[in-house]
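# Curious how this folds, go ahead:
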Amino acid sequence: MKQTSTFAAIAGGVALAFACQHAAAQSSVTLWGVADVSIRYLTNANANNDGKVFMTNGAVTNSRFGMYGTEDLGGGMKALFKLESGVNLQDGSMADSGRLFNRAAYVGLSNPWGTLTLGRQKTPLFDLLSDTYDPLTVGNYFENAWLPVALGAGLYADNMVKYTGTFSGLTVSTMYSFGTNYESTGANGFSGQIPGSPGKGNAYGISLSYVTGPLSIAGGFQQNSDNSARKQTIFHANAVYAFGPAKVYAGYLHSKDDTGFVDSLLAQQAIPSSKGTGRVDDGPFAGVSWQVSSPLTVTGAFYYDHMRNAMTADGSLASGNRYAIVGLAEYALSKRTEVYGTVDFNKATGAATVELPGRNNQTGVAIGLRNIF
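Residues are numbered from 1 along each chain as shown. As a prediction, the model looks like this:
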């Protein structure tokens, strides 16, 4: 019954979207999406170090569908909305069982001075990484996305007010969330919106980016609090330089975390609770992409993390290192469809060994098919 109701709601929303499109010439609603699925082999996939062959979502893009609409209000002012839902194409399930529109659900206003949006949406840091500064646009496999996801505090937030404006090549983006994750309740959660405690469970941040010719640079700050006012503080700096058919990427993420978010997200082995430990991560990354020919693009990426005060399996705090090397080749069959192949290798030492399920290294290989509609 729940599944039937969900699909009925989706169908009703789509019908309403097209009805609105025809109702007013000054308005537009677009239905769009990505269908991406891959077959993947992963070594050391459990504590027994067994290999695993499986079908899963895309290597660098998660399958999704969404609706985006605008209405011209006159005088340069527009209203807008976006609803976007992740889908597991391999089995047809929703990517988030607790949210229908897990990737975006917001409404806003825009004018020549910028755009103001309210609802669940990407953080300014995620906007920068996915649009410009991460060579894999924040990969979809956790084995190639762990660094930006963990040190970016999850990259999405509920209950967010966000402003973005661009002025002569300089883009400013700021955000405030009243509670970053409504599903994560209790003293250790991130739901926020606690009576009498507006600073608990909230998040705020700012990012600046500048484009001049082939060079793009960016930097920013973000701080997330849990429901007990423990903090994760993030700083980031990024650069991309384009020359001819190639781009070179370089970036850095720094996180100090007392909430336990980084430990709990990355650990694939059992560890004790790590609240208030002051875990520190320094994560440089780099990459290069090259359009070899009109249909073929190859990308290489490197992610590294040096951690201190990280929780280990025996409950002690220690230092460690982890790195990932990723290669991706994409071949376009048309403007909307491509096939791709990817290989990735992860290695962990010291405290980072709990971040892999078995041995301290893991290799993944995959082929996939993507269609954008």
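# all helices for the stretch 1-150 of the chain, in order.
Using DSSP state H, counting those that start in this stretch, the helices of the stretch 1-150 of the chain run over 2-23, 124-128, 142-151.
# which stretch in those helices has the least confidence?
If you rank those by mean pLDDT, helix 2-23 sits at the bottom with a mean of 46.
# For residue 119, list the residues it contacts.
By Cβ atoms under 8 Å, 6 or more residues apart in numbering, the residues touching residue 119 are 104-107, 159-160. For the C-beta atoms, the positions are set from N, CA and C on the backbone; glycine is no exception.
# and if we set it to 6 Å?
105-106 (Cβ atoms under 6 Å, 6 or more residues apart in numbering).
# ok, what's across the strand from it?
residue 106, residue 160 (DSSP bridges).
# where's residue 134 relative to residue 271, distance?
27 Å (Cβ to Cβ, to the nearest Å).
# Among the two, which residue is more densely surrounded?
residue 134 (26 against 20; other Cβ atoms under 10 Å).
# Just the pLDDT for the nearest residue to residue 72 once chain neighbours are set aside.
Of all residues not flanking residue 72 in the chain, residue 26 sits nearest, at 4.1 Å (Cβ to Cβ, 6 or more residues apart in numbering). Per-residue confidence at residue 26 stands at 87 (pLDDT).
# so how many other residues sit close to residue 26?
10.
# Let me know whether it touches residue 70 as I believe.
No: using Cβ atoms under 6 Å as the test, residue 26 is too far from residue 70 to be in contact (9.1 Å).
# in stretch 310-326, what's buried?
310-312, 317-318, 320, 322-326 (16 or more other Cβ atoms under 10 Å).
# which stretches of the stretch 101-250 of the chain form strands?
Ranges of strands in the stretch 101-250 of the chain, per DSSP state E, counting those that start in this stretch, are 104-111, 114-122, 156-167, 170-177, 203-212, 215-225, 231-243, 246-257.
# can you redo those as JSON lines with distance to residue 331?
Formatted as JSON lines, those follow (distance: least, Cβ to Cβ, whole Å):
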{"stretch": "strand 104-111", "distance to residue 331": "29"}
{"stretch": "strand 114-122", "distance to residue 331": "28"}
{"stretch": "strand 156-167", "distance to residue 331": "31"}
{"stretch": "strand 170-177", "distance to residue 331": "32"}
{"stretch": "strand 203-212", "distance to residue 331": "29"}
{"stretch": "strand 215-225", "distance to residue 331": "26"}
{"stretch": "strand 231-243", "distance to residue 331": "21"}
{"stretch": "strand 246-257", "distance to residue 331": "17"}
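# Make a markdown table out of the ones you listed and add distance to residue 145 and mean pLDDT.
A markdown table is the format used below for the strands of the stretch 101-250 of the chain (distance: least, Cβ to Cβ, whole Å; pLDDT from 0 to 100):
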| stretch | distance to residue 145 | mean pLDDT |
| --- | --- | --- |
| strand 104-111 | 18 | 98 |
| strand 114-122 | 14 | 98 |
| strand 156-167 | 13 | 98 |
| strand 170-177 | 21 | 98 |
| strand 203-212 | 19 | 98 |
| strand 215-225 | 17 | 98 |
| strand 231-243 | 15 | 98 |
| strand 246-257 | 12 | 98 |
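# Tell me which of those strands lies nearest to residue 190.
strand 215-225 (7.0 Å; Cβ to Cβ).
# for residue 246, what are its contacts?
By Cβ under 6 Å, 6+ apart, the neighbours of residue 246 are residue 290.
# Now for residue 185, how many residues are close by?
14.
# right, and it touches residue 191 too?
Yes: contact between residue 185 and residue 191 holds when scored by Cβ under 6 Å: they sit 4.8 Å apart.
# most centrally placed residue in the chain?
Residue closest to the mean C-alpha point of the chain, counted by Cα atoms, centre = their mean, is residue 155 at 5.0 Å.
# how about that one, phi and psi?
As for residue 155, its main-chain torsions (degrees, to the nearest 10) stand at phi 80, psi -20.
# how close does the closest residue to residue 301 other than its chain neighbours get to residue 338?
Taking Cβ to Cβ, 6+ apart, and ignoring the residues beside it in sequence, residue 301 has residue 287 as its nearest neighbour in space, at 3.8 Å. Residue 287 sits 19 Å away from residue 338, going by Cβ to Cβ.
# What's the local residue count around the nearest residue to residue 113 once chain neighbours are set aside?
Of all residues not flanking residue 113 in the chain, residue 165 sits nearest, at 5.9 Å (Cβ to Cβ, 6+ apart). Residue 165 has 16 neighbours, counted by other Cβ under 10 Å.
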